[in-house]
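Visitor: below are the sequence and a predicted model; questions follow.
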Amino acid sequence: MGSLYKEEQDDWLTVCLKYLLFVFNFLFWMGGGVVMGVGIWTLIDKGDYLSLLASSTFAVSAYILLLAGGLVMVTGFLGCCAVIREQRGLLSMYFSCLLVIFLIELIAGVLAYVYYQRLSEELKQHLSKTMTENYAQPGKEGITKAVDQLQQDFKCCGSNNSYDWQHSVYILSSESEKRLVPDSCCKTITLRCGRRDHPSNIYKVEGGCITKLEQFLADHLLIIGAVGIGVACLQCKSAVNTIDEELREGIKR
């Protein structure tokens, strides 16, 4: 009688642990969706600004996060299937992938935080030069589009202020048609509206576009870093719990 009761108790415990494993893996899969979503959001939301950066670290962090999110979702699905079907082969593959994914997400998070520390200096050194030397120049259409979008989205004009455009290759050329600033500086864009740089006509923002872009990128980098490191740690904890439960349960054949 005692052995029968113990066997029923073990069966009940096995079922509970099995469902607990499934829940862990489902949360792992959900975490992958969050990571992938952040990567996609980072690249899509004003992704044209990437051409204005000297370093590709920002884009690389987002792409790594996107890759990690995809791997997490696939791995989480494998984990769920392994628990439901009680296949040790899939579980072994699942646990092997966990370490790789953890490292990938950790790298993305660390890259984001490292780049965050030197973001301000890079923008100060690079953005002004990019805008004044490359705007509206042959073969630099991507930069021109990015600058126009930047000035309109953030309602700013010039890297530090509108007077930066006085040193622009474009403004000093005949192609500017006597514009003082690009038309994208205007509050209401019309043809050649950049000929008048009065505050009533163009955006006069303290700190210029550098301040606006720095804040935008910093916010994204903090999110990338937090999601990359945070989700990686949570998934690592989940993996440890899953392994522990798997060892305790010893999924029965």
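Guide: Sure thing, it's come through.

Visitor: was I right to think residue 221 contacts residue 114?
Guide: No - look at residue 221 against residue 114 with Cβ atoms under 8 Å: they stay out of range, at 9.5 Å. (C-beta placed from N, C-alpha, C; glycine too.)

Visitor: those two - which one has more neighbours?
Guide: For residue 221 versus residue 114, the count of surrounding residues by other Cβ atoms under 10 Å is larger for residue 221: 24 against 14.

Visitor: contacting residues for the more buried one?
Guide: Going by Cβ atoms under 8 Å, 6 or more residues apart in numbering, residue 221 touches 58, 61, 112, 113, 115, 116, 119.

Visitor: following the longest helix seen in the chain in sequence, what is the next regular element?
Guide: Ranked by number of residues, the top helix in the chain under DSSP state H is helix 88-134. Using DSSP states H and E, the helix or strand that follows helix 88-134 in sequence is helix 141-153.

Visitor: for that next one, buried residues please.
Guide: Residues of helix 141-153 classed as buried: 143, 144, 146, 147, 148, 150, 151, 152, 153 (neighbour count, 16 or more other Cβ atoms under 10 Å).

Visitor: show me what it is in contact with.
Guide: Outside helix 141-153, the residues touching it (Cβ under 8 Å, 6+ apart) are 46, 48-52, 130-131, 134-137, 156-157, 182, 184-185, 189, 203, 209, 212-213.

Visitor: and the buried ones among the residues you listed, selectable in PyMOL?
Guide: PyMOL command restricting the contacts of helix 141-153 to the buried ones, with burial defined by 16+ other Cβ under 10 Å:
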select buried, resi 46+49+50+51+52+130+131+134+135+136+156+157+182+184+185+203+209+212+213
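
Visitor: so which of the contacts of helix 141-153 sit within helices?
Guide: 130, 131, 134, 209, 212, 213.

Visitor: JSON lines please, covering these and showing pLDDT and distance to residue 75.
Guide: Formatted as JSON lines, the ones in helices among the contacts of helix 141-153 follow (pLDDT from 0 to 100; distance: Cβ to Cβ, whole Å):
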{"residue": "130", "pLDDT": "88", "distance to residue 75": "40"}
{"residue": "131", "pLDDT": "90", "distance to residue 75": "43"}
{"residue": "134", "pLDDT": "92", "distance to residue 75": "42"}
{"residue": "209", "pLDDT": "90", "distance to residue 75": "41"}
{"residue": "212", "pLDDT": "87", "distance to residue 75": "39"}
{"residue": "213", "pLDDT": "85", "distance to residue 75": "36"}
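
Visitor: between which two of the residues you listed is the distance greatest?
Guide: Across these, the longest distance by Cβ to Cβ is 19.0 Å; it joins 134 and 212.

Visitor: contacting residues for the closest residue to residue 194 other than its chain neighbours?
Guide: Spatial nearest neighbour of residue 194, excluding adjacent residues (Cβ to Cβ, 6 or more residues apart in numbering): residue 179 at 3.8 Å. Going by Cβ under 8 Å, 6+ apart, residue 179 touches 171, 192, 194, 195.
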